[in-house]
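A.B. asks: requesting a structural model of the entry that follows:
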Amino acid sequence: MPIINRMAELHDEITGWRREFHANPELLYDVHQTVKSVKERLLSFGCDEVVSGIGKTGVVAIIKGAKGENDGVIGLRADMDALPMHELSDKPWASRAAGIMHACGHDGHTSMLLGAAKYLAETRNFAGNVALIFQPAEEGGAGGKAMVEDGMMEQFAITEVYGMHNLPGLDIGKFAICPGAITAATDEFDIKITGHGGHAAMPHLSVDPVFTAASIITGIQSIVSRGSNPLNSLVITVTKVNGGTAYNVIPNEVMLNGTIRSLDGDTRDYAKAQLAKVASGIADAHSAKAEVTIRAGYPVTFNHQAQTDSAGRAAKLISGDERVDMDASPMMGGEDFSFMLEARPGAFIFVGNGDTAGLHHAEYDFNDSAIPHGCSYWAKLVETVMNSDAND
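C.D. replies: Presented below is the predicted three-dimensional model:
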């Protein structure tokens, strides 16, 4: 069951778009050049409507099918922003922007959806409307939430929505999906530990926040290993430790920062509550003080059953049954497509990126061999879901 012939024909052209985006990455909502390129291409394809400025800098294009009316509108989403990282690459299309790179493949996601848009505008072999969603600020800016809160679903009458992400380590041409939670909720925490500074040679006259911080770093792992049900996924990771100014000075304060990842609401609530209790209790035992601040991040990305089945059927039309994992293991990374799935039923699928560097790695590059598979998936998804006979 091959990729669509037209996608194979467009492969080189779409690869050129992808490399252009890769060489010119932009952050968060400041994706103005990317938006300009996306809009120009969508208009050149003959999309029926192209609207920008949704959720600050998001773009939505509408393509109308040629097979009659349909009560539903299917939304297809791609993210556009890059990461604040220095790229380690000698490729001709390496980032030209200092300290910014497409380390998560959003350049590929945008290009694949553009390729699907060109095909769908040419063929229109479906009923009703398709909404192509190009979203800013996935990397920490909650652009998906901004587009939803800006009324995108209502404005374009979207009834179900789908997302796709590349996955290093999964072979080119393979897909992976599961019903229910597929990526984690992402909460952030700050722990300010206050002690009493002094001379490093006389720790008995001080309250050492460095030693207290070390105890807290170790102690909070008990939340995962002893307090949480081992069958419920939970990760608590301290990612930053800041404190001290000299080799012979015990500081007054140390700051810890990190993340909590979970796949269900009860575990999420438990972890946040226990983090504050454990950190404060350990600090108190050391005669120090711990002030804990937790910020809610992206919610769990939760795939709806019917739309997961639809996504799987479309992927199998491209790759065959044996190359589509319908019971993939959830991942503890976060994804703000979750906000769209809270607003409308839908599904999020992974497409293989082959043997490449991992996501958010300085040597990562989207694998252009994945382009025809991702484009064909989008097209088949539309043509199967938005079929007038199937939706009467």
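
A.B. asks: point to the residue nearest the middle of this protein.
C.D. replies: For the chain, Glu335 is the residue whose C-alpha lies nearest the centre (C-alpha atoms, centre = their mean; 3.1 Å).

A.B. asks: quick check: it touching Phe348?
C.D. replies: Yes - taking contacts as C-beta atoms under 8 Å, Glu335 lies within contact range of Phe348: 6.7 Å. Every C-beta, even on glycine, is put in place using the N, C-alpha and C of the backbone.

A.B. asks: any shared contact partners between those two?
C.D. replies: Gly163, His165, Thr183, Thr301 (C-beta atoms under 8 Å, 6 or more residues apart in numbering).

A.B. asks: redo these as a markdown table? Include neighbour count.
C.D. replies: As requested, the shared contacts of Glu335 and Phe348 are arranged in a markdown table below (neighbours: other C-beta atoms under 10 Å):
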| residue | neighbour count |
| --- | --- |
| Gly163 | 28 |
| His165 | 27 |
| Thr183 | 25 |
| Thr301 | 30 |
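
A.B. asks: just those now: which is nearest Ala201?
C.D. replies: Thr183 (49.0 Å; C-beta to C-beta).

A.B. asks: list the contacts for the closest one?
C.D. replies: Val300, Thr301, Pro330, Met331, Met332, Gly333, Gly334, Glu335, Ser338, Phe348.

A.B. asks: between these, which has the most around it?
C.D. replies: Thr301 (30 neighbours; other C-beta atoms under 10 Å).

A.B. asks: what pLDDT is listed against that one?
C.D. replies: If you check Thr301, the pLDDT there is 98.

A.B. asks: how much space separates it from Ala184?
C.D. replies: Between Thr301 and Ala184 the computed distance is 8 Å (C-beta to C-beta, to the nearest Å).

A.B. asks: what do those two both touch?
C.D. replies: With C-beta under 8 Å, 6+ apart as the test, Thr301 and Ala184 both reach Gly334.

A.B. asks: and Val60, helix, strand or coil?
C.D. replies: With DSSP: H, G, I helix; E, B strand; the rest coil as the basis, Val60 sits in strand.

A.B. asks: Ile349 versus that one, what's the distance?
C.D. replies: Taken as C-beta to C-beta, the span from Val60 to Ile349 is 20 Å.

A.B. asks: can you check Asp327 too?
C.D. replies: 13 Å.

A.B. asks: of those two, who's got more company?
C.D. replies: Counting neighbours by other C-beta under 10 Å for Asp327 and for Ile349 shows that Ile349 has the greater number, 27 against 9.

A.B. asks: any idea how far the closest residue to the more buried one other than its chain neighbours is from Met331?
C.D. replies: Nearest non-adjacent residue to Ile349, counting by C-beta to C-beta, 6 or more residues apart in numbering: Ile177, 4.4 Å away. Ile177 sits 12 Å away from Met331, going by C-beta to C-beta.

A.B. asks: for Ile100, same thing?
C.D. replies: 24 Å.

A.B. asks: if we can go back for a sec, now do the shared contacts for Ile177 and Met331.
C.D. replies: Between them, Ile177 and Met331 share no contacting residue, judged by C-beta under 8 Å, 6+ apart.

A.B. asks: what's the pLDDT at the nearest residue to Ala176 once chain neighbours are set aside?
C.D. replies: Of all residues not flanking Ala176 in the chain, Ala328 sits nearest, at 3.7 Å (C-beta to C-beta, 6+ apart). What the model reports for Ala328 is a pLDDT of 98.

A.B. asks: can you pull the contacts of Ala328?
C.D. replies: Ala176, Ile177, Cys178, Ile182, Phe350.

A.B. asks: which pair of those residues spans the longest distance?
C.D. replies: Cys178 and Phe350 (9.8 Å).

A.B. asks: ok but the residue nearest to Ala176 is inside a helix, no?
C.D. replies: No - with three-state DSSP as the criterion, Ala328 is assigned coil and is not in a helix.

A.B. asks: what about it, distance to Gly169?
C.D. replies: Taking C-beta to C-beta, one finds Ala328 at 12 Å from Gly169.

A.B. asks: okay, and Ser351 sits in which element?
C.D. replies: Not quite, residue 351 is Val, not Ser. strand 346-352 (DSSP states H and E).

A.B. asks: show me what that strand is packed up against.
C.D. replies: Using 3 or more C-beta pairs under 8 Å, 6 or more residues apart in numbering; DSSP states H and E, the elements in contact with strand 346-352 are strand 160-167, strand 175-176, strand 301-303, helix 305-319, helix 337-343, helix 371-385.

A.B. asks: average pLDDT across stretch 244-253?
C.D. replies: 97.

A.B. asks: list the buried residues of it.
C.D. replies: Residues of stretch 244-253 classed as buried by neighbour count (16 or more other C-beta atoms under 10 Å): Gly244, Ile250, Pro251, Asn252, Glu253.
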